[in-house]
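1. sequence first, then the predicted structure:
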Amino acid sequence: MDIQFVAAGAAVPAKCAVARIVFEGEAHTGAVAQAVAASRFTGGKGQTLDILAPQGTDAARLVLVGAGKREAFDAVGAENAAATAYNALKASGLEVLRVEGAGALAANAAFGVRLASYRFDRYRTKEPAEKKPSILRTEVAADDPDGTLTAFADFAALADAISFTRDLVSEPPNVLYPAEFARRAKALETLGLEVEILGEAEMMKLGMGSLLAVGQGSIRESQLVVMKWMGAADKSAQPIAFVGKGVCFDTGGISIKPAENMEDMKWDMGGAGTVAGVMHVLAGRKAKVNAIGILGLVENMPDGNSYRPGDVLTSMSGQTIEVVNTDAEGRLVLADALWYCQDRFKPKFMVDLATLTGAIIIALGNDLAGCYANNEELASNLLEAGKAEDEGLWRMPLPDAYNKQIDSMIADMKNTGGRPGGSITAALFLQRYVNNVPWAHLDIASTAWKKPSSVPTVPDGAVGFGVRLLNRMVRDKYEG
Ligand code: BES
Ligand code: MN
Ligand code: ZN
């Protein structure tokens, strides 16, 4: 999508659809007033009114987009209104979209169009042209077009990063296996990141018996990717760190999952996808911070060489784990990735992201991710950033008493605590591998994909959940 900023009132080109953001309770004039009067359109949030061949304008088509009360119009409101405009017109057959009415929030409106126009169509070879989106260019009316274009650079970097994450999450598991994911992370070195890839032999030397067990039934080699962005003035300043679960496909292993919806488990690398996206945006906008991104990449398969229920694993931390269910594999990957992260980088904090448990979906539904933390400041920074970016988090507890659910008769712990509080006991398991470093765990099984989506800036499928949130938290709290 080509984005431009134009002065309000600039001439409308040929084949252009105009979307006008309007507010609740405000009056209209002429043909628009007549159209509004003939409909139920009030300017409420999310409403649209399509006016074909409007009189007295050069627009081929005019869509009014409701944005609610003018006083409450904010960044997310502008993004959603412009995204709604794009969604209403993307199949119109017109090639240019003009968005007017965003005022000082024109850059946010353009960002909303960028997010809404994301599409993963790499494997559609027979789609007729008339089924493809027709809008190729969007002009956003701005009070100060040049200044807005400059301000848009950071939004464009963020949109690029979110698209990168969505692509990773959308790719099928035969294409995106651990080594291919690692290659795509490595390719981000062109943005100025430094990327190291550790294979199984190196992880064996480090003693990562927990992560390696998960991947041992797969013909695809497990990988640990270390991404570094050293953007702070002082390159030796303590970094912040993000760690992602990257299970490129989760069959459940020997504790195999039922067939229904198993294809969704290509998305089980969503946490690692988000971490890669966060590193992408930090480098893309040259953030003044030192940051580490760690991706634990494996494939969980049933095979003669698979790990078994009953196996006892020794993690890099030295703690032993009795496997009782090979489908509780994400925490085994993160146990070694988190331990390695704190051991090598001594970070200011670690935030891990993982599509870790079905239980978080039962607890929170599909619009909130679970946020566990051993540190109040980190938790409140995350929740605040989530609110501002409309990526909702809900704080979850880490009750010490529930630790007894993961006691094992023969090892230091077992890898699941049973059904009650399944997301909580998974988090308590992870907490044993953070060595008291300030840490938060985001269980994003509930939010990594939307099928279907009800958010205008998120097309059906991969969300890229957390990239916006973490980018904002870094920008507002950890840079400089
Ligand atoms: N990747 C799944 C969690 C998941 C389930 C994500 C559904 C998205 C949608 C994870 O590896 C898993 O299988 N968790 C089990 C844990 C159980 C065996 C203790 C679960 O949630 O059922
Ligand atoms: Mn699993
Ligand atoms: Zn999983």
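-> Yep, it's here. Numbering: from 1, shown residues only. Ligands and ions are numbered 1, 2, ... in the order given.
2. end-to-end on stretch 109-127?
-> The distance separating the two terminal residues of stretch 109-127, taken as CA to CA, to the nearest Å, comes to 29 Å.
3. what are the bridge partners for the residue of the stretch 101-250 of the chain found nearest ligand 1, then?
-> Of all residues in the stretch 101-250 of the chain, Asp250 sits closest to ligand 1, at 4.7 Å by CB to the nearest ligand atom. Quick note: C-beta positions are derived from backbone N, CA and C, even for glycine. Residues found in beta-bridge contact with Asp250 (criterion: DSSP bridges) are Asn300.
4. what about stretch 202-222, average pLDDT?
-> For stretch 202-222, the per-residue pLDDT values average out at 98.
5. just the buried positions in it, please.
-> Taking 16 or more other CB atoms under 10 Å as the basis for neighbour counts, the residues of stretch 202-222 that come out buried are 203, 206-218, 220-222.
6. quick one on the thing from earlier: surely the residue of the stretch 101-250 of the chain closest to ligand 1 and Asp264 touch.
-> No - counting by CB atoms under 8 Å, no contact exists between Asp250 and Asp264, whose distance comes to 9.2 Å.
7. which of these two has more residues huddled nearby?
-> The residue with the greater number of neighbours, taking Asp250 and Asp264 and applying other CB atoms under 10 Å, is Asp250; the counts read 26 against 14.
8. report the contact partners of the more buried one.
-> By CB atoms under 8 Å, 6 or more residues apart in numbering, Asp250 lies in contact with 257, 265, 268, 300, 327, 329-330.
9. cutoff 10 Å now
-> With contact set as CB atoms under 10 Å, 6 or more residues apart in numbering, Asp250 has these partners: 173, 214, 257, 262, 264-269, 298-301, 326-327, 329-330, 355.
10. ok so, going back, what touches both of Asp250 and Asp264?
-> 257, 355.
11. around ligand 2, pick out the residues from the stretch 201-350 of the chain.
-> Counting by CB under 5 Å from the ion, the residues of the stretch 201-350 of the chain close to ligand 2 are 250, 327, 329.
12. if you set the cut-off to 6 Å instead, what comes out?
-> Remark: the part of the stretch 201-350 of the chain in contact with ligand 2 comprises 250, 252, 327, 329, using CB under 6 Å from the ion.
13. show me what contacts the last one?
-> For Glu329, the set of contacting residues under the criterion of CB under 10 Å, 6+ apart consists of 210-211, 213-215, 245, 247, 250-253, 255, 268, 298-300, 307, 323, 356, 415.
14. in helices only, show me those residues.
-> Taking DSSP state H, the ones among the contacts of Glu329 that sit in helices are 210-211, 213-215.
15. pLDDT wise, what is the closest residue to ligand 2 within the stretch 1-150 of the chain at?
-> In the stretch 1-150 of the chain, no residue comes nearer to ligand 2 than Phe120, which is 23.8 Å away by CB to the ion. Here the pLDDT value assigned to Phe120 is 98.
16. wait, what's in contact with the residue nearest to it when sequence neighbours are not counted?
-> Here the nearest residue to Phe120 in space, its sequence neighbours aside, is Ser170; by CB to CB, 6 or more residues apart in numbering that works out to 4.1 Å. Ser170 sits next to 118-123, 176, 266-267, 273, 449, 459, 461-462, 464 when contact means CB under 10 Å, 6+ apart.
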